[in-house]
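# Starting from these lines, generate the structure:
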Amino acid sequence: MLPANVMAQEAAQAEQVRATSPDGSLVLTVGIDNDSRPVWSLSRKGKLLIAPSRMGFQLADGLNMQRGFHIVGSESGQGEETWEQPWGERRFVHDRHNEVTVRFEQSDQDGKRLMNVHFRLFDEGIGLRYEVPEQAAFSTMKIADEITEFQIVPEGKAWWIPAGEWNRYEQVYQETPIEGVSTAHTPITMRLADGTHLSFHEAALVDYAGYWLKRTEGRGFRTTLAPSSQGPRVVRELPFATPWRTIRIADDAAGLVENDLELNLNEPNKLGDVSWFEPQRYIGIWWGMIRGDWSWAEGPDHGATTQRTKRYIDYAAAHKFGGVLVEGWDKGWNGNWFGHGDDFSFTQATPDFDIKAVTDYARKKGVRLIGHHETGGNIANYEAQLEDAMALYEKLGVSTVKTGYVADAGGIIADSERLGEPRGARRMEWHDGQRMVNHYLDVVKVAAAHHVAVNTHEPVKDTGLRRTYPNWVSREGARGMEYNAWGAFANGPDHEPTLVYTRMLSGPMDFTPGLLSLKGAENVPLASTLAKQLGLYVALYSPIQMASDFIQELDKYPREMDFITSVPTDWQESHLIAGAVGDFAVMARKDRKSENWFVGAVNDGTERTVPVTFDFLSPGQAYEVTIWKDGEGATYETEARHRIAYDKRTVRKGDAMDLWLAPGGGAALRIVPVK
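Take a look at the predicted model:
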C-alpha cells in the first residue's frame, strides 16, 4: 500500500517513468523497449549500474506476460520512520525511501492483462515487486517462471554458491568474475571494479517460490523460480504481490553489512508481544552425534538420555547458559530416516528419555529445554502432528524448537490431497519451492500460537520475515560448524569471513561456534585458531548462540569460557569496523542491556595486521578492554592453532590498536566502561 500522501501522476501512454532515492544518488528509469516489453534501469551517482532489463512472467496456461505492454499510469510517494526490533543486531531500524508504482497493460491481441510493478528506492539500495490486480482476463495465475532481469554494466567479482544442487545451501562459496557465475542462490555478493558493493536477494518471500539468480550471457542475469511438483512453479489467485527483488548497494563492505533493506521491505510485527522469547546462549546434546560418538537412534550409544540431559542442564545452570538442545529424544530415529521420516513421532519420547522429568528439572535450575523436530524431509508426517507437537512443548515450558528437513534438494515428501489426489498420495518438492515456503511459515505461525520460537535447519533462505514473525529467530541455510566433523568436507579458513558478506546478509544464522577443542571426528583439526572460535560469537549474528563442544572439553578452557558466558546475543548497535569480502571481518556490537561493547574478528588463511580504531565508543568515557587474541606463531595449519594470548588495556573514543590475526585466526574483545 502506498502512503496517504500519494501524488497521482496519471500519464496515460507515458513512454518513461523516473524516480530517485531520497538523496538523489540512485535514479530509476522504467519504460517500454522496441518490442513493447517492460524494462527498467538504474544509475548511481551519474553512472549506469543496471542497463535496461526486462520484466514479466512466463505462464503455464496462456500467452506470456512479456510483450505487447504499454504504460497506463503511475503513482509515487515517499515514507520515513524509525521502528524498534524486539531483538536483533540493532534495536532501532531507520526506513527512508521514495517509491513509485508503474501500471502496465497488454494490448488486446496479447491478452489485455494488467501488471503493476512497485519500486522502492532507498539511498542504500532498491526493491521491486510485481502486484497483479484483479482483472477480467483471468483470476488464477499459473507461473512457469518469472522474468526479472539485472543487466549489470560494470565489471567485477562475485561470491556465490550454486543453486539447484543436491546439498541445498550448504556449499562452499566460490569467488569468480561476475561472468563466471552460473545459477546462484541469493544472497549473492559482488564487488565492482570501482569498489561499489552489491548484494542481490529478495524480501518477504510468502506464498511464492524462492528465486535463483541465473546468468544469461555476459553480466546479464534473470530470476528463475525453484521448481514445483505441480508443473507451474507458482499458482496464485488474484490479486497478489510477489516477494521483493532486492539489491543492496554500498560504497564499501561496511555499507553492505550495515544495511536493513530487506527488513524494511517486510510488514511490521504481526505477533505483538513476543517477550516470551529471550535471546540466549545454549549448549546441547548434538556434537556427539555429529562426530559419531553417540547416536540419534536408540541403543547403547543413544545420546538423548535422561541422565546425560540432566548433566548438561547442571552445566548450563552453572555457566549461565539459558538452554540445552536435545536431539534424538523422540521415537523414529531407528533405521534409515534420511529423506524418509515416516516413523518420526513429535510427542512420544524414547524409553530412556523422560521428557517431563527433564523439563521439570530444567525449570528448577533456571534452564529451558530446547526442543527438536527432525522431519527427515517428510512434511506430510510433520504437518499431521504439528499442532499436538507445539501444544506439548507449550505445556512443558519448551519455548524454542530446532526444526530439521534433512533430505536432498527436491526430496521433500509432501501430502498432495490438497491438489485433489487420492488420500496418502505424495509429491516430491524442493526446500525453496512454493509448497515448502508455505510450510515453513505455517510452522512458525502454529509455534507462535503456543509461544514457541523456531530455529529452522535445512531451511528456505531468510528474507526478513523475522520482522513480521519475530518468533522465527534463526536458521541454518549454509555450511555450519557440523561440516568440521567430517574431514574432507571441513570448512576452509576463508569460510566464515565469506559468510559475513554473503549468507549473513539475509539474517541470523545458527552456525554453532564454540568448538574449543578444535577437533572433528577422528581428531581431524579445524581450520581455525582458538581465538577465532571466540570471534565468531560477535562476527556471525544470531539471537541464540551455541557453545557446541562437549561440556568436558569446554571445561578445559576457563578463560575462553569467561568470554563465551559474558557475550550477549541481543544488541543495541552493530558496526563492521574493518573488513574485506572473503578475507577478514572485524565486527563491533553494543550490548542492548548495558554500556558494554564486544568486538569479534575472523580471518582467512592469510595472516594480517588490522588497525582497530575505537571510534564507536562514547566520548569522555574510559573503558577497560579484555582481549583474547592469536598467540605468537599461531596458525590453523598446525597444533599452534591453540596458541592464544590475553591482554588488558584502557581505551577511549578515538584510540587505536593494531590487531594481529593469524592464518585462520581471529580475536575477541570485551569492552567495559570504567566506573
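# Please compute how far the biggest helix by length in the chain lies from its chain's middle.
Ranked by residue count, the top helix of the chain under DSSP state H comes out as helix 379-396. What separates the centre of helix 379-396 from the centre of its chain is 25 Å, taken as C-alpha atoms, centre = their mean, to the nearest Å.
# State the mean pLDDT of that helix.
On average, the pLDDT along helix 379-396 is 97.
# Can we start the residue count at 52 from this point?
Sure thing, new numbering starts at 52, so read that last one as helix 430-447.
# Tell me which residues of it come out buried.
Within helix 430-447, the residues scored as buried using 16 or more other C-beta atoms under 10 Å are 430-434, 436-437, 440-441, 443-445, 447. (C-beta placed from N, C-alpha, C; glycine too.)
# gap between the two ends of stretch 542-559?
19 Å (C-alpha to C-alpha, to the nearest Å).
# ok, now stretch 74-90?
Using C-alpha to C-alpha, the two ends of stretch 74-90 sit 24 Å apart.
# Then His121 would be within a helix, right?
No. Counting by DSSP: H, G, I helix; E, B strand; the rest coil, one finds His121 to be strand, located in no helix.
# Surely it touches Ile83?
Yes. Contact criterion C-beta atoms under 8 Å: His121 and Ile83 qualify, at 6.2 Å.
# hang on, the earlier thing: what's downstream of the longest helix of the chain, the next helix or strand?
strand 451-455 (DSSP states H and E).
# packing partners for that following strand?
Judged by 3 or more C-beta pairs under 8 Å, 6 or more residues apart in numbering; DSSP states H and E, strand 451-455 is in contact with strand 419-425, strand 504-507.
# repeat that for 10 Å
The helices and strands touching strand 451-455, judged by 3 or more C-beta pairs under 10 Å, 6 or more residues apart in numbering; DSSP states H and E, are strand 331-336, strand 374-377, strand 419-425, helix 430-447, helix 485-500, strand 504-507, strand 523-526, strand 595-597.
# Could you export that strand as CSV, CA atoms only?
Only the C-alpha atoms of strand 451-455 are listed here, as CSV (Å, rounded to 0.1, in the frame of the first residue of the first chain):
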residue,chain,number,x,y,z
THR,A,451,12.3,-22.8,21.4
VAL,A,452,12.4,-25.6,18.8
LYS,A,453,15.0,-26.5,16.3
THR,A,454,13.3,-28.0,13.2
GLY,A,455,15.1,-30.1,10.6
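# What pairs with it, parallel or antiparallel?
Strand 451-455 has the following strand partners under DSSP bridges: strand 419-425 (parallel), strand 504-507 (parallel).
# what inclination does that strand have with respect to helix 485-500?
The directions of strand 451-455 and helix 485-500 differ by 160 degrees, with axes from the mean of the first three to the mean of the last three C-alpha atoms, to 10 degrees as the criterion.
# Okay, domains of the protein per the record?
Using automatic domain parsing, the domains assigned to the chain come out as 58-315, 332-528, 550-557+579-726.
# Once you drop chain neighbours, what's closest to Ser250?
Arg299 (4.1 Å; C-beta to C-beta, 6 or more residues apart in numbering).
# ok, what's across the strand from that neighbour?
The partner residues for Arg299, given DSSP bridges, come to Gly176, Ser250.
# That one: neighbouring residues, count only.
24 (other C-beta atoms under 10 Å).
# gap between it and Thr152?
22 Å (C-beta to C-beta, to the nearest Å).
# what about the helices in this protein?
In the chain, the segments counted as helices under DSSP H are 304-308, 312-315, 338-342, 357-369, 406-415, 430-447, 485-500, 546-550, 581-590, 602-605, 609-615.
# Low-confidence regions, the stretch 52-201 of the chain specifically.
Along the stretch 52-201 of the chain, segments meeting pLDDT under 70 span 52-65.
# where exactly do the strands run in it?
58-60, 67-71, 77-83, 89-95, 98-110, 120-135, 143-157, 165-173, 176-183, 191-203 (DSSP state E, counting those that start in this stretch).
# I'd like the ones you listed as TSV, with distance to Thr686 and mean neighbour count appended.
Listed next are the strands of the stretch 52-201 of the chain as TSV, based on distance: least, C-beta to C-beta, whole Å; neighbours: other C-beta atoms under 10 Å:
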stretch	distance to Thr686	mean neighbour count
strand 58-60	61	11
strand 67-71	50	17
strand 77-83	44	20
strand 89-95	41	21
strand 98-110	40	19
strand 120-135	43	16
strand 143-157	40	20
strand 165-173	42	22
strand 176-183	38	23
strand 191-203	38	20
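# of all those, which lies closest to Ala400?
Ala400 lies closest, by C-beta to C-beta, to one member of the strands of the stretch 52-201 of the chain: strand 120-135, at 39.4 Å.
# How far off centre is stretch 133-142?
The answer for stretch 133-142 is 16 Å, by C-alpha atoms, centre = their mean.
# end-to-end on it?
10 Å.
# and if you look at stretch 539-555?
End-to-end for stretch 539-555, by C-alpha to C-alpha: 24 Å.
# check contacts around the nearest residue to Ala529 once chain neighbours are set aside.
Among residues not flanking Ala529 along the chain, Arg554 sits closest, at 4.2 Å (C-beta to C-beta, 6+ apart). Applying C-beta atoms under 10 Å, 6 or more residues apart in numbering to Arg554 gives the contacts 210, 212, 220, 224, 236-238, 240, 512-513, 526-530, 560, 562, 591.
# 8 Å instead, please
Neighbouring residues of Arg554 by C-beta atoms under 8 Å, 6 or more residues apart in numbering: Tyr220, Pro238, Gly528, Ala529, Met560.
# Just give the closest residue to the first one, not the sequence neighbours.
What it means is Tyr220. Gly528 (4.7 Å).
# so the one you found touches Lys512, yeah?
Yes. Gly528 is within contact range of Lys512, at 5.6 Å (criterion: C-beta under 8 Å).
# and Leu627, bridged to which residues?
Met638.
# Would you mind giving me the confidence score for it?
For Leu627, the model assigns a pLDDT of 98.
# so it touches Ala636, yeah?
Yes. Using C-beta under 8 Å, Leu627 is in contact with Ala636, at 6.4 Å.
# Give me the common contacts of these two.
Ala304, Val551.
# what's near enough to touch Ala652?
Ala652 neighbours (C-beta under 8 Å, 6+ apart): 583, 586, 590, 635-638, 661, 710, 712, 717-719.
# closest to Leu77 out of the helices of the chain?
Here helix 312-315 is closest among those (C-beta to C-beta), at 12.0 Å.
# buried sites along the closest one?
Leu312, Glu313, Leu314, Asn315.
# Any chance of those residues in CSV with distance to Thr657 and pLDDT as columns?
Below are the buried residues of helix 312-315 laid out as CSV (distance: C-beta to C-beta, whole Å; pLDDT from 0 to 100):
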residue, distance to Thr657, pLDDT
Leu312, 31, 98
Glu313, 31, 98
Leu314, 33, 98
Asn315, 36, 98
